[in-house]
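> Kindly generate the corresponding structure for this input.
(chains A and B)
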Amino acid sequence: MKVELTVNGKEITADVEDRMLLVHFLRDVADLTATNIGCETTSCGACTVLLDGESVKSCTVLAAQADGRSVTTLEGLASDAGQMHPVQQAFHEEHGLQCGYCTPGMVMAIVSLLKENPSPTEAEVRAGLEGNICRCTGYHNIVKAALSAAAAGVDR
Amino acid sequence: MSILGTRVIRTEDPRLLTVGGVYVDDLREPELDGAARATFVRSTVAHALITGIDASAALEQPGVIAVLTVADMDDMPPPPPAGEFDPDAPAVEGPLPLGGPWSEPLLAVDRVRFVGEPVAIVLTDSTYQGEDAAELVSVDYAPLPAVPSIAAALAAGSLLFPDAGTNVCQKGGHDTSDEAIFDGCDIVVEGDIVNQRVACLPMEGRSTAAAFRDGKLTVWTSTQNAQLSRLILTAVGLPPDAIRVVAPDVGGGFGAKIGVDRESILIAWAAKHIGRPVRWVETRNENLLAMTQGRAQELHIKIGGSRDGHIKAYRLNVIQDTGAYARMSGFLPSLTVLMAPGVYDIPAVQADYKVVVTDGTPISAYRGAGRPEAAATIERAVDWFAAEAGLDPAQVRKLNFIRPEQFPFVTKTGAPYDSGEYEAALDKVLAKAGYTELRAEQRRRREAGEVRQLGIGLASYVEVTAGDAGAGETCKIDVHADGTATVYTGSSAHGQGHHTAFAMLVQAELGIPMDKVEVIHGDTDLIPDGVGTYASRSLQLGGSAVQKAAIEVRDEAARQAASLFEAAEADVVLDADSGLWQVRGDPDKSLTWAQVASQAEGGTLTANVRFTQAMPTFPFGAQLSVAEVDTETGKVTLLRHVSCDDAGPVLNPVLLEGQRHGGIAQGAAQALVEEVLYDADGNPLTSTLADYGAITAAELPSFELVTSETPTTLNPLGVKGIGEAGTIGATPAVQNAVIDAVSHLGVRHIDMPLTPERVWTAIQSAGLRQ
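Residues are numbered from 1 along each chain as shown, chains lettered A, B, ... in the order given. Okay, here's the model as predicted:
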């Protein structure tokens, strides 16, 4: 079937299998490989992207479901001038990543979380990240990064 | 001022944070254009004979290039001859199969021994086609009785390797039959504990791509060491110099990516066999079925001592479930035996092990690899002993620690500890946590009979890092005519921050700023000789090699600079802050690295070194965990975790803390939630992340870290490993905390993971006993 998606501001039209998952569309059709696949069961959150501004796990969304809609991936976060998004910057400064595999999904989940709740408590951040697994950081610095991005005022 | 010891944020991050890492599935190398996708057909039964494989229906599917089975492998060299098997032979060091009757095939030959064992490979144009076709490969199995547990293996009702005549594939350790060691003990406590099987679970599973062109095989694989992988990949029948292995970005390893597994050898072979590049990226389901797992020990403990708290004798019998194939044979339990007495000066220690095969996924190294099991066991034993003696567990630990003046200290199991300040480490966590106040709060809740009880768990630990210190690590440094430097390290990053740490070392020695230092790892064409990253060895061996190479480059540069200055070499000095070469007493004249390197032959200054260390190092620490248990539901909440982990001087606190955080979380994960389970027929029950309870942010607190830095004299940096320490200390600290919370109800022990069901059941059974 034919789908038309806006990915990071760019329109992409393609003929895809009906069953194609959004994550495969992003990786194989749009050739945006930052979004990783970690589990295929909506458990780990590595594939988290924003669909019309809301976080979704792209391993369990069909490309067809995203037809006509707008997707933001990690690659679309920094400014055109290359300035990192405050959440990316906070991950860097707080050492919120190690191997980097969960990072794109983790960053997108936090962008979404802070949009819903710009000033979360630590407990709210931890509860909000329950669907994103990281195996390297013990979450300590990811939580710190989220809180520091919130304190810096993400949307300011 | 030296950059060493300062907080430097990582140079690796900007790329990972803006466009993402380049893992095997992300590679767009031209050599991989048109790569076939590999999908494995895996055994669906635990133990069976294969009576037939029919791929005809699969071959008719669109996009199917080939379905390969063991019958297609006639272009592989024959396996090495079966050696004589000696169950009492010393443990094999490193990730080597036992061979002989215990050999592990690449594709199943006529028998499968675990669910997930590779039986056939389907090669297709695309991933979805591979999933469809693999479903249609029909494999006929004649089921055999499963061996789903250690107990079943020992009962020997069913043999996985009939030629071996037993399910016990290795024995080792010391004689444990001398009951006299417990003579004169006022208190003797004995019991069984389980150190359960857990999944390593790197967020990126295994993945390999291979291309064979003009007689050369190139393999991109998610590994902790490209050089060892190359050696293993010679199994396809090519010499090492006809193979290039590249480790691109690697999404975590935790021990399960040391070298490569059979699947990766098969991908390399398949690419050569069909003359087309092949790529394989495992699903999480495959990962939970077939990536090596960790721990999987059952242990029998006996501990004795005097009523005043002195431990006099300790005995440990370890049974290692090695899964269907003995990837590491006795290596893991031999480390458990080596580290059995932990931080304590115990006059008599006996420890032995046996290794059995079962229908489980093969067991191999997982963060700590044999040492967490030792720490978890002795720390439970000490708590049992303290409880029996009616003494505070902190006090009993202090009474029995090896004292600072006793180092170097060789334990009764033969571990040569280099240095340690065990009591100081414990005192630091007790002070930071407010131990006295915590005990007072615990008493208050107990007396009030509150539903939510408080537990305080202690663990003092020592571990061994860089176990193969003698193998060392390699480093080559080039300083180029433009004044930049390139570091080629045999160590292999997969999240630890090697590039930042090693660039810091170069800046500190040479004054070449970090942003002018490129660090390269994981490519056997560029770095044919290297060892890799495991056993917390990277900074002490890899880092020391970087420093050694930097010093050699500096010495060579001094000769060049002397010639340019027309000065005596002894008068030439490098200002490591500015990176300028000068002549002593003549501050007006200076040369840059670019000028000095331009003078060298070929415009490059080079040093190529290997750093070896005489012995492993023995980092140590203490951890304290505070847990709350809801006695009506059994639910555990980890409230606090305080940790003092001493790995010597700190090169970059940012990286050190990251390693400690991650280690603590994995240790707590084993204590609280994680376990790989099989049913009575050997069917895995935890083969997706919907079933396997990986720990999340919601189940953990922020960690409270206390610093301690006791240098070793074994390497010039004075450093020890930190990658596994957190895990080794955290597991027993958390387990002890939960049990401590309900010990006043009569609970003496609960095996991990401490799920609400287990905790609730333990409380109920204790209530019935009382």
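> contacts and neighbour counts: CA atoms only from here.
Will do.
> Indicate the residue of the stretch 51-200 of chain B located nearest to chain A.
residue B:128 (8.7 Å; CA to the nearest CA).
> and the helix or strand containing that residue, what does it pack onto?
Assigned by DSSP states H and E, residue B:128 belongs to helix B:127-136. The contact analysis (3 or more CA pairs under 8 Å, 6 or more residues apart in numbering or on different chains; DSSP states H and E) places helix B:127-136 against strand B:36-42, helix B:56-59, strand B:64-68, strand B:118-124.
> residues contacting the nearest residue to residue B:433 once chain neighbours are set aside?
Leaving aside its chain neighbours, residue B:433 sits nearest to residue B:642 (6.5 Å; criterion: CA to CA, 6 or more residues apart in numbering or on different chains). Contacts for residue B:642 were tallied using CA atoms under 8 Å, 6 or more residues apart in numbering or on different chains; they are B:429, B:432-433, B:623-625, B:703-706.
> Mean neighbour count, mean pLDDT and distance to chain A for the helices and strands packed on helix B:127-136 - can I get that in a markdown table?
Putting the helices and strands packed on helix B:127-136 into a markdown table (neighbours: other CA atoms under 10 Å in any protein chain shown; pLDDT from 0 to 100; distance: least, CA to the nearest CA, whole Å) gives the following:
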| stretch | mean neighbour count | mean pLDDT | distance to chain A |
| --- | --- | --- | --- |
| strand B:36-42 | 26 | 98 | 13 |
| helix B:56-59 | 17 | 98 | 20 |
| strand B:64-68 | 20 | 98 | 17 |
| strand B:118-124 | 26 | 98 | 16 |
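> Need these in JSON lines (columns: distance to residue B:550).
Output for the helices and strands packed on helix B:127-136, formatted as JSON lines (distance: least, CA to CA, whole Å):
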{"stretch": "strand B:36-42", "distance to residue B:550": "43"}
{"stretch": "helix B:56-59", "distance to residue B:550": "57"}
{"stretch": "strand B:64-68", "distance to residue B:550": "49"}
{"stretch": "strand B:118-124", "distance to residue B:550": "46"}
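> ok, the residue of the stretch 51-200 of chain B closest to chain A - how many residues close by?
Using other CA atoms under 10 Å in any protein chain shown, residue B:128 is surrounded by 15 other residues.
> what about it, distance to residue B:117?
According to CA to CA, to the nearest Å, residue B:128 and residue B:117 sit 21 Å apart.
> okay, and for the chain, where does confidence drop off?
Just going to use chain A. For chain A, applying pLDDT under 70 flags the ranges A:155-156.
> ah, I was thinking of chain B
For chain B, the stretches with pLDDT under 70 are B:78-99, B:770.
> if we can go back for a sec, which one of the contacts of residue B:642 sits in the busiest neighbourhood?
Neighbour-wise, the contacts of residue B:642 (other CA under 10 Å) top out at residue B:623, 32 neighbours.
> so who does that residue touch?
B:426, B:429, B:458-460, B:641-644, B:729-730, B:733.
> Recalculate using a threshold of 7 Å.
B:429, B:458-460, B:642-644, B:729-730, B:733 (CA atoms under 7 Å, 6 or more residues apart in numbering or on different chains).
> just the CA coordinates of the helix or strand encompassing it, formatted as PDB?
In this assignment (DSSP H and E), residue B:623 forms part of strand B:620-630. Output in PDB follows, covering the C-alpha atoms of strand B:620-630 (Å, rounded to 0.1, in the frame of the first residue of the first chain):
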ATOM      1  CA  PHE B 620      36.800  -4.100  47.100                       C
ATOM      2  CA  GLY B 621      34.100  -2.200  48.700                       C
ATOM      3  CA  ALA B 622      31.000  -2.300  50.900                       C
ATOM      4  CA  GLN B 623      27.400  -1.600  50.100                       C
ATOM      5  CA  LEU B 624      24.400  -1.000  52.200                       C
ATOM      6  CA  SER B 625      20.800  -1.400  51.000                       C
ATOM      7  CA  VAL B 626      17.600  -0.200  52.700                       C
ATOM      8  CA  ALA B 627      14.500  -2.100  51.700                       C
ATOM      9  CA  GLU B 628      10.900  -1.800  52.800                       C
ATOM     10  CA  VAL B 629       8.700  -4.900  52.800                       C
ATOM     11  CA  ASP B 630       5.000  -4.800  52.900                       C
END
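> just checking, next helix/strand downstream of that strand?
strand B:636-646.
> Neighbouring strands - and their directions - for that next one?
The pairing partners recorded for strand B:636-646 under DSSP bridges are strand B:620-630 (antiparallel), strand B:704-706 (parallel).
> Give the other helices and strands that the following helix or strand past it contacts.
Note on strand B:636-646: by DSSP H and E, the next helix or strand toward the C-terminus is helix B:653-672. Here helix B:653-672 touches helix B:725-742, going by 3 or more CA pairs under 7 Å, 6 or more residues apart in numbering or on different chains; DSSP states H and E.
> Could you verify that residue A:14 is part of a strand?
Yes. Counting by DSSP: H, G, I helix; E, B strand; the rest coil, residue A:14 is located in a strand.
> Next, the contact list for it, please.
Neighbouring residues of residue A:14 by CA under 7 Å, 6+ apart: A:2-4.
> need the residues of chain A near chain B, please.
A:33-34, A:38-39, A:41, A:43, A:74-75, A:78, A:88, A:92-93, A:95, A:98-102, A:104, A:126-127, A:129-130, A:133, A:135-140 (CA under 7 Å from any CA of the partner chain).
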